[in-house]
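*Asks:* below: sequence and its predicted model.
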Protein chains: 2
Amino acid sequence: MITNKNCIIRLSRYKNALYRLQDLGFVKVFSDNLADAVGGTASQVRKDFSIFGISGNKKGGYQIDSLLEKLNSILGKDQLQKVIVIGAGHIGSALMRYRGFEKEGIKIVAGFDIDPAKINRSNPVPVYPLEEARAFIKTNQIRIAILAVPDIAAQQAVDLICAAGIKGVLNFAPLGLKTPEGSIVNNVNLEIELENLIYFVNVAEKTR
Amino acid sequence: MITNKNCIIRLSRYKNALYRLQDLGFVKVFSDNLADAVGGTASQVRKDFSIFGISGNKKGGYQIDSLLEKLNSILGKDQLQKVIVIGAGHIGSALMRYRGFEKEGIKIVAGFDIDPAKINRSNPVPVYPLEEARAFIKTNQIRIAILAVPDIAAQQAVDLICAAGIKGVLNFAPLGLKTPEGSIVNNVNLEIELENLIYFVNVAEKTR
DNA sequence: TTGTTATTGTGAAAAATAGAACAATATGAT
DNA sequence: ATCATATTGTTCTATTTTTCACAATAACAA
């Protein structure tokens, strides 16, 4: 079983690069093309594919369309993924307005907030009171949630949604969350990403 | 020289956890407290510290305040970091309004967009035409930029800002960017993060 | 048909990262 | 003052991840 997050992220990158190549009219691709496109090595591309039993043609590379089919299937993109957003502040509402998810087969179906002023049941993506989240998750069998609430509210919110059936949380709150066995958290922390960038920029500057 | 991104990210997490502990009134901390707080192991905490020459007291743990000083210094948080945002769409403007960076010593000083309708020189974070970016970066010696433009515009925008002196880019566009030697890109790709989450949720579901 | 070449697929080697183990030692108890 | 204990710092070990290297082979040319 594959537990290597970076490997799966690379699969997503390959997939995205393949769509761009396809748009440019390409029909087949070689491992070194993909390596260039995502910034890796050709043997890593082949190794990644080999892990998932994806094979190409000796001297012929890979057919882009069938490769995309396989990657999409691995990545669960053969069915629409319904996602909810907890927290309708700046980040949460930007995410609800963001159109980029649609073309990836990801649909934000609702938002939830504790603040009555944020509720709006007739938005393109409706925003409901947080206390309705539990029922919504169960009724619609939602498995994935984006958490965009202030840090002080984050653990409580996660407890609530995981108890209701959420299995995966994309966490924007800047702190680690405890989840019950069987639920997964991926953290997106912009402050930390920036700090990281600053660190490596500083290091590069010093060692130059 | 440290090239381990995960290690630096852990330092940021330790730092954040330490502030929370400090707020709760704690004065000292042990490696296993920090491990719990960020979800790692105690020996990794100590190993991380040892890499940077941070030492505590046998049986006494670490003084939170001096530990924070050291981490903040390593992470470059002893000076205000000025950052610009390229692209004033949904994500870009949410970032400009986002208050969370301030308490981290990160200040978004300006935004830039190619669309005249987005320009607003009197915003709290002013938005200027993209063609003014070059001069702004040079004049204000900006080193870090957040890139939040449509993918089709991303490579061109990066070329522009790197030529003007940007050394680190936090890239929200969903594709890999080529940068000149000496500049660094960190990618934040929400679609990929969600895909990743979906993959691991699916795997967990299948193997259960 | 035969030979040449380009490219895959994979096993083995290397490098990077994480974890376990434990000696050293500061602290507090008696 | 001595002992017992808790915790660090670090070395050694294990695991994970990446890279290398090359045999296998499909495509193409002569």
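*Replies:* Nice, I can see it.
*Asks:* three-state assignment of residue A:194?
*Replies:* Secondary structure for residue A:194, judged by DSSP: H, G, I helix; E, B strand; the rest coil, is helix.
*Asks:* quick one: it from residue B:140, how far?
*Replies:* Separation of residue A:194 from residue B:140 (Cβ to Cβ, to the nearest Å): 17 Å. Any C-beta I mention is one placed from the backbone N, CA and C, and that applies to glycine too.
*Asks:* ok, these two, which is more surrounded?
*Replies:* residue A:194 (23 against 13; other Cβ atoms under 10 Å in any protein chain shown).
*Asks:* state the distance from that one to residue B:205.
*Replies:* Counting by Cβ to Cβ - residue A:194 and residue B:205 are separated by 34 Å.
*Asks:* can you check residue A:47 too?
*Replies:* In terms of Cβ to Cβ, residue A:47 sits 26 Å off from residue B:205.
*Asks:* swap in residue A:187?
*Replies:* Taken as Cβ to Cβ, the span from residue A:187 to residue B:205 is 21 Å.
*Asks:* more crowded one of these two?
*Replies:* A side-by-side neighbour count of residue A:187 and residue B:205, using other Cβ under 10 Å, places residue A:187 first with 19 against 12.
*Asks:* and that one, its phi and psi?
*Replies:* phi -100, psi 130 (degrees, to the nearest 10).
*Asks:* in chain A, which strand is the longest?
*Replies:* strand A:106-113 (DSSP state E).
*Asks:* any idea of the mean pLDDT for that strand?
*Replies:* Average pLDDT, strand A:106-113: 98.
*Asks:* which positions in it come out as buried?
*Replies:* Buried residues in strand A:106-113, counted by 16 or more other Cβ atoms under 10 Å in any protein chain shown: A:106, A:108-113.
*Asks:* and it, anywhere near chain B?
*Replies:* Yes - counting by Cβ under 8 Å from any Cβ of the partner chain, chain B has neighbours in strand A:106-113: residue A:106.
*Asks:* ok, stretch A:88-96 next?
*Replies:* Yes - for a cut-off given as Cβ under 8 Å from any Cβ, stretch A:88-96 has contacts with chain B, namely A:90-91, A:93-95.
*Asks:* picking that back up, so what strands line up beside the longest strand of chain A?
*Replies:* Here strand A:106-113 is paired, per DSSP bridges, with strand A:81-86 (parallel), strand A:127-129 (parallel).
*Asks:* hmm, who's touching the first one?
*Replies:* For strand A:81-86, contacts defined as Cβ atoms under 8 Å, 6 or more residues apart in numbering or on different chains pick out A:92, A:95-96, A:101, A:105-113, A:125, A:130, A:133, A:136-137, A:140, A:142, A:144-149, A:157, A:161, B:194, B:198.
*Asks:* on that earlier part again, what's the spacing between the longest strand of chain A and its chain's center?
*Replies:* 14 Å (Cα atoms, centre = their mean, to the nearest Å).
*Asks:* next: stretch A:9-16.
*Replies:* For stretch A:9-16, the distance to the chain centre is 11 Å (Cα atoms, centre = their mean).
*Asks:* ditto for stretch A:53-65
*Replies:* Worked out by Cα atoms, centre = their mean, stretch A:53-65 lies 27 Å from the chain centre.
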